[in-house]
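>>> Whatever this is, show me its structure:
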Amino acid sequence: MSETVLSLKDFRVTFPTLLGDVQAVRGIDLDVHAGELVGVVGESGSGKSVTFLGVMGLLPKSARITGSATIRGTELVGASNKVQRAVRGKRIAMIFQDPLSALNPVHKVGAQIVEMLQAHQNLSKDAANKRAVELLDLVGIPQPDQRAKQYPHEFSGGMRQRVMIAMAIANDPEVLIADEPTTALDVTVQAQILEVIQRVQRELNAAVVFITHDLGVIARIADRVQVMYAGRAAERGEVHDILLRPTHPYTQGLLDSLPATGRERLTPIAGAPPNMLRPPPGCAFGPRCPHFAADVCAATLPVLRPFGAVETACLRAEELQAEVAR
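Residues are numbered from 1 along each chain as shown. Now for the predicted structure:
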C-alpha cells in the first residue's frame, strides 16, 4: 500500500450553542493514501462535510476541534494561522459544492486562479497568467485564454465547477477534498466532472477524498468507502465489498433507497437522524434500524471492528449476516 498522506485520529468537532454542545463529529479515524480515492458517504447531517472543513481550518472560530489530523506528519489540529495558510491551498485543497458561492463574483476567473498561484509560488504576473490559462485548458474549458477574462456568472454550472477544480489543483496539492462537487449538475455534466477529478488524481498521484450522499457515484470512482452516520463511522472497506455485501443496516438502507432497474418502489429509511445535542448512548442508528436489539444496541456505543473483508460498527453483524445466509 502507498504512503499515508492524510491521517485522522479520534477527530471530533463540537459546536457550542445556547441549548448545549452539538456533537457534529464524534471520533473519526481515517487514513488516505497517495493515489487513492476514498469516498465518504452519508445523508445530510452525518458529519461528512464538517469533518473535512475542520481539517481545512474553515469552520467558525467557535467550533471546538480535538483529536488529530495530519498531512504527512504535519499536525493541523491546533496549528497556527501561519501553518494553516501555508498548508491550505498548497498541500491540501478543496472543491466546494457550490462554485457560484465559492468564487468571487467581482473578479475574473483567471485573476482568481492567479491569486491562488501567487499565494504559494514565486511567480511573476505573466507566468501566473500563463499557468492559469493552462489550468483552465487542463480541466476542459474551451478557449481558456478568452474564458480567463470572464466573470463567474458568465459560466455554466459545470464550467464553474471546472474553474473550482483548476483553482484546487493550481499548486499540485497532495490531498484533494471534493465536497459533493456534482450535486447540482445534470447527469452528463456530472460524468464529465468525475472524469476530470479522476484524471487529476492520476496525473498528480493525489490522495482524493470524495464526499457525497450518492452511492452510485462512489461505485463508479472510489477505491475505498467510509460510511458515516451521526458523526461516526458506520462501515469502512473496499468499495466492492461494501456495496456488494454491506454489514451495517444503515449501509443496506442507503442501497435500498437507490432507484434501480426493475425496482418498483424505493425503500426509504424510516425515521430521522438523532438530535446531536443529545446523541443516544448506544447505537445512534438504533431507533431507525429494523434489526434493533434493545439490550445490546441501546447500551453499547459501537466502534469499527474487523468483520470479514471490511470494518463495521454494527454490534450484531454476525447475527445479521447469518440471517442473510439462511
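
>>> what about residue 279, distance to residue 254?
When C-beta to C-beta, to the nearest Å is the yardstick, residue 279 and residue 254 sit 20 Å from each other. C-beta: built from backbone N, CA, C; applies to glycine.

>>> what's the answer for residue 185, then?
Spatial separation of residue 185 from residue 254 under the definition C-beta to C-beta is 21 Å.

>>> returning to that earlier point: and residue 279 and residue 254? Which one has more around it.
A direct count of neighbours by other C-beta atoms under 10 Å for residue 279 and residue 254 places residue 254 higher, at 22 against 17.

>>> Leaving aside the residues adjacent along the chain, what's closest to that one?
Taking C-beta to C-beta, 6 or more residues apart in numbering as the measure, residue 254 lies nearest to residue 215, with 5.8 Å between them; neighbours along the chain are not counted.

>>> In contact with that neighbour, which residues?
The contact partners of residue 215, taken as C-beta atoms under 8 Å, 6 or more residues apart in numbering, are 41, 243, 254, 255, 258.

>>> What segments of the stretch 51-200 of the chain are strands?
64-71, 74-75, 92-95, 175-179 (DSSP state E, counting those that start in this stretch).

>>> among those, which is nearest residue 35?
In this view, the strands of the stretch 51-200 of the chain are compared for proximity to residue 35 by C-beta to C-beta, and strand 175-179 is the closest at 11.4 Å.

>>> what angle do the closest one and strand 64-71 make?
Direction vectors for strand 175-179 and strand 64-71, defined by axes from the mean of the first three to the mean of the last three C-alpha atoms, to 10 degrees, enclose an angle of 130 degrees.

>>> ok, now which ones touch residue 6?
Taking C-beta under 8 Å, 6+ apart, we find residue 6 in contact with 30, 31, 32, 55, 69, 70, 71, 92, 174, 175, 207, 209.

>>> for this structure, what helix or strand is lowest in average pLDDT?
Counting by mean pLDDT, DSSP states H and E, the chain has its least confident helix or strand at helix 317-325, which shows a mean of 75.

>>> So which of the contacts of residue 215 wins on neighbours?
By neighbour count, taken as other C-beta under 10 Å, the most surrounded of the contacts of residue 215 turns out to be residue 41 (27 neighbours).

>>> Looking at residue 98 now. What's its pLDDT?
We have a pLDDT of 86 for residue 98.

>>> Compute the distance between it and residue 256, please.
In this structure, residue 98 and residue 256 are separated by 29 Å, where distance is defined by C-beta to C-beta.

>>> remind me, longest helix of the chain?
When secondary structure is assigned using DSSP state H, the longest helix within the chain turns out to be helix 187-204.

>>> quick one: it to strand 175-179, angle?
Relative orientation of helix 187-204 and strand 175-179, computed by the same axes, to 10 degrees: 170 degrees.

>>> elements contacting helix 187-204?
Helix 187-204 sits against helix 157-168, strand 175-179, strand 207-212, helix 215-221, with contacts defined as 3 or more C-beta pairs under 8 Å, 6 or more residues apart in numbering; DSSP states H and E.

>>> Just want the angle from the shortest one to helix 157-168.
Taking the same axes, to 10 degrees, one finds strand 175-179 and helix 157-168 inclined to each other by 150 degrees.

>>> helices or strands next to strand 175-179 in the packing?
Using 3+ C-beta pairs under 8 Å, 6+ apart, strand 175-179 is in contact with helix 48-56, strand 92-95, helix 187-204, strand 207-212.

>>> Which residues does the longest one contact?
Counting contacts by C-beta under 8 Å, 6+ apart, the residues outside helix 187-204 that touch it are 35, 37, 95, 139-140, 156-158, 161-162, 165, 169, 172-173, 176, 178, 181-182, 185, 206, 208, 210, 217, 220-221.

>>> 10 Å instead, please
Outside of helix 187-204, the residues within contact range by C-beta atoms under 10 Å, 6 or more residues apart in numbering are 34-37, 95, 138-140, 156-159, 161-162, 164-166, 168-169, 172-174, 176, 178, 181-185, 206-208, 210, 214, 216-217, 220-221, 223.

>>> Run through the stretch 1-150 of the chain and note the low-pLDDT ranges.
Applying pLDDT under 70 to the stretch 1-150 of the chain flags residues 1.
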